[in-house]
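S.K.: could you work out the structure for the sequence below:
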Amino acid sequence: MLQVVWVAGAALFLLAAATVGTPAGKVLHSKLPSGEVQGYEDKPAAGRLMSRRSVDLRDAKAHVDDSRLPRDVTPTAYHLDLHPFPEEGFFKGRVQINVTCHEATNIIILHAHENLRIAHSEVTVKQLVGRPASQPKDPNVKADYPFSHRGNGSSVSSVLPVTISSTKKEPSKQWYVISLADKLKKDMVYQLDLSFTGTLTSDTTQGFFRASYQLHRTKEERWFAATKMAPSNARLVFPCFDEPELKASFEISVARTSRMTALSNMPVRSIDEMRNETEWSWVHFQETPLMSTFSVAVVLLDLETISTHAKGGVRVSVFARPSFLSQVQDVLRKACLMLEFMENYLTVPFPLPKLDLVALPYYSDPEPADLWGLIILKESDFVNEEGLSWRLAVEVAQQWLGHLATPAWWNDSRIKKALANYVASMAAEQDKLNWNPVTGYSLYYEYSKRHPYAGLGSQEEYIKVTRLQWLLRMLNYTLTEATFRDGLRTFVQGKKFKTFNEDELWEALTSQAREDMTLEESISVQEIVKSWVTKDRFPVVTVARDYQDNSASVEQHVFLKDRPQDMCERDSLLWCIPLIYMTADNLDVSAPRDPVVWMKEERYININNLPGPDFFIIVNPDEIGMFMVNYDQQNWALLLDYLRGPGPQIPPATRAKLLHDAWNLAYGGELDMATALNMTLFLERETDPIVWEVMFTMIDHLGRRISGTDAGLKFEEYARFLLARLVESLGAPQPDDCSEKTELRSRARVCLCQLGHQPCVVDARDAYSKWMQAEDPDAGNLVPDPYLCTVFQWGTMEEWEFGLKRVIRFPSDRRQSERHYLLKTLAGCPRQEEKVERILNVTLLEDGNNFTDSDIRLVLNMLTGRSTGYTTLFHFLSQNWEQLRERYVHLNCSALYEQRHQKKRTIF
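M.R.: Have a look, this model is predicted:
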């Protein structure tokens, strides 16, 4: 059978290979011209719609090797004026930056994107003579000097102009270089003054972007503008020192019309009417604490708002369209709860007086814009009950763990995201000790492949963040929750308004663990973490018990599904692994246990004082660490007996782990298949969704691997038995059923249908017959989606042909996603060769122009997922090869393998 799979894959490759084709005035508070600014580098362009995904962790990764700015001159304070014109699609601005000279230099280098147009002739540099820069600052982190244009320069005795010899851009580094006639003096403070104009983008949410929406009743178009500076897009908006480490305070002013509301990081301090511009006024915001440039927030909109105050006094507001505002009342309550949790957990008050949540219409980025004191989300995020608590918790956590304390460079962004995710899991009332292990199974799959990350793209960073989050959870458990919490509190307290690197967090946790005596002296947290993050693999731990003296020999080695013989380093890969075990007399994973035994990057270790020969042990309960566990046959038998017995239940996540590990070890050749199959016997009485999530995956993947064989038929019969018992145990739907129970019942029925459970097949075909008898069947699909696959899989050829006609005759005014799903099930569900041959003929050989190239790729991709599909496809290609080559010279099938690879993301 493996040979058939290989041959089919080779045939697909051959098909792919054979078918590939060849200013009028300076920007001031008193006046900003309403039209285009003359004398700038080029003219801003306007845009309309946001369509492309904005920055994510891939962008952060790209900045790891970014050129760092020299540290001869660093910023202490900014005053930023921004005048956006959302309808016209551009903005104007002015920034004044107070900087301190640390080494005498005649060059000042800061960031400015090549698309930001700077008025070179108006750039100025001044020396502010007064209190020396070395004089201690007020602890309230205010600027060293007031800004001269604000008219309150009481601490500045004089201002001395500095002669500029030249200015230029270095586009490759996104630098703006100011060359001076004379060197700046060490320890003196200077002020840079730059005016600029730029484009409000509409095809991305990077930097300063805009979009529009229509009022519900009048259909009037309304424009808005907003910023998303992370990770390094402040340089798109204004000249600045755009590195996380270079924190400074900000005074921000934003121009707006009377109809618009301007938002920023801080509350409004004052509003001034603009001279000679009666429709416009300047909104001046309070000065911020020290923060990085990516934290800068500016939003201009005409949404309505509701507000409340959290217990600590922080004002929390939600901004949304009038027609949408009534749907977001619960957001305020949840946001206040998240703020209060974070303040209590970290014992650090929220450092800003307010937090704004903006439901931005047509915001296209999949990730929120987490700015300091202001969070931009999609409208759908506010009404998604299941995801709202989690998403709010993550964004609120990043107010502390990304803005108050900030990663020093882009390669530290993973730890910020992982920390925020982990702390958020507690804030969102997701019990960390009952963490659903299914969320981590994608890591098992990825790190057991021959080539981890192959074809993943941006998902590589997601996988690495998830691994770090798993390690944080492991440390929380092994160091104890109190030690982890106190170490994190100390860390955040020490890094307020500062930056950090990953090692500093590990050092803080090690120090706390030493104080609390929860980590042995011979190992540090940094060593533990390094042993995991430097290897894109994971171990399997084998426990061989000695039932005579109640001990066990424990061995670790790398787990590889494909077991490549040419991986020479596989025997040298070792991890720091915590050995924690559960027994029948202590099934509470959160209960106090003996000190953790660590395998400190050693191949073998012995553990003693285990239970007697009649009692099981479970190592790594609830997926505390990212490793699978194998046992001797007697312990597997003890586990199965207990799972099927009447005693107190093992926790659901641990039951899921036992099932998951047994199957994957069998697939990897480390456990016999009989033992793995036996471990499913306890499912006869199982009703927990966490456990069944694993089994649904097993049924799907194993069913595909042995489909069409005698073993496959027997396995399907067994799976139908288990699923029928599950549906019977769940009973009929009730009004008070929880969402988890409802979802489990639905998934079980869908799975039963796909396995050919006769009552389900009859129901599906009855529903389908009503569609076939409809007066106008092309007006709409009358069959529930889960029934379609059942009918195409187990129904007649006539029923299948009816579905094919609906695809061919699909009306253009209906949603094309419905046609896509119908074609997908027509190709991917059938078990009969005649149906597969028919769809291959009608899509690949027959004339009619009914199917596009993307349709053909979809069909080929779906056929490779089932044995009937790929074997029939192979024979079809063999019989029609020359005709296909001639017919599809233009078709680029190079994405075929990537599509198939993406389908198989989850480990068995």
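
S.K.: now the strands for the stretch 101-250 of the chain?
M.R.: Ranges of strands in the stretch 101-250 of the chain, per DSSP state E, counting those that start in this stretch, are 107-111, 117-118, 124-130, 156-162, 164-170, 175-180, 189-199, 207-214, 221-228, 249-257.

S.K.: packing partners of the fifth one?
M.R.: Yep, that's strand 164-170 we're talking about. strand 175-180 (3 or more Cβ pairs under 8 Å, 6 or more residues apart in numbering; DSSP states H and E). C-beta coordinates here come from the backbone N, C-alpha and C atoms, glycine included.

S.K.: okay, angle between the strand it packs on and strand 124-130 too, please.
M.R.: 70 degrees (axes from the mean of the first three to the mean of the last three Cα atoms, to 10 degrees).

S.K.: show me which positions of strand 175-180 end up buried.
M.R.: Going by neighbour count (16 or more other Cβ atoms under 10 Å), the buried part of strand 175-180 is 175-176, 178, 180.

S.K.: tell me the one of those nearest G487?
M.R.: Of all the buried residues of strand 175-180, G487 sits closest to W175, with 38.8 Å by Cβ to Cβ.

S.K.: which residues does the closest one bridge with?
M.R.: Under the criterion DSSP bridges, W175 forms beta bridges with H111, E170.

S.K.: now do the helix or strand where T510 lies, average pLDDT.
M.R.: If you go by DSSP states H and E, T510 is part of helix 502-516. The average pLDDT for helix 502-516 rounds to 97.

S.K.: give the other helices and strands that it contacts.
M.R.: helix 413-427, helix 481-494, helix 525-533.

S.K.: run through the stretch 401-550 of the chain and note the low-pLDDT ranges.
M.R.: Low-confidence segments of the stretch 401-550 of the chain (pLDDT under 70): 429-439, 455-458.

S.K.: swap in 80 and give it another go.
M.R.: 410-412, 428-441, 450-451, 454-459 (pLDDT under 80).

S.K.: one step back: tell me which of the strands of the stretch 101-250 of the chain sits nearest to R315.
M.R.: Closest to R315 of the strands of the stretch 101-250 of the chain is strand 249-257 (Cβ to Cβ; 17.9 Å).

S.K.: tell me where the stretch 251-400 of the chain has helices.
M.R.: Counting by DSSP state H, counting those that start in this stretch, the segments of the stretch 251-400 of the chain that form helices are 322-325, 329-346, 379-383, 385-398.

S.K.: among the ones you listed, which is nearest P366?
M.R.: That would be helix 379-383 among the helices of the stretch 251-400 of the chain, by Cβ to Cβ, at 10.1 Å.

S.K.: over to D81. Which of the three states is it?
M.R.: strand (DSSP: H, G, I helix; E, B strand; the rest coil).

S.K.: shouldn't it be in contact with A262?
M.R.: No. In this structure D81 lies outside contact range of A262 using Cβ atoms under 8 Å: 11.8 Å.

S.K.: which residues are in contact with both of the two?
M.R.: 254-255 (Cβ atoms under 8 Å, 6 or more residues apart in numbering).

S.K.: what's the burial count for R210?
M.R.: 27 (other Cβ atoms under 10 Å).

S.K.: which residues does it bridge with?
M.R.: On the basis of DSSP bridges, R210 is bridged to A225.
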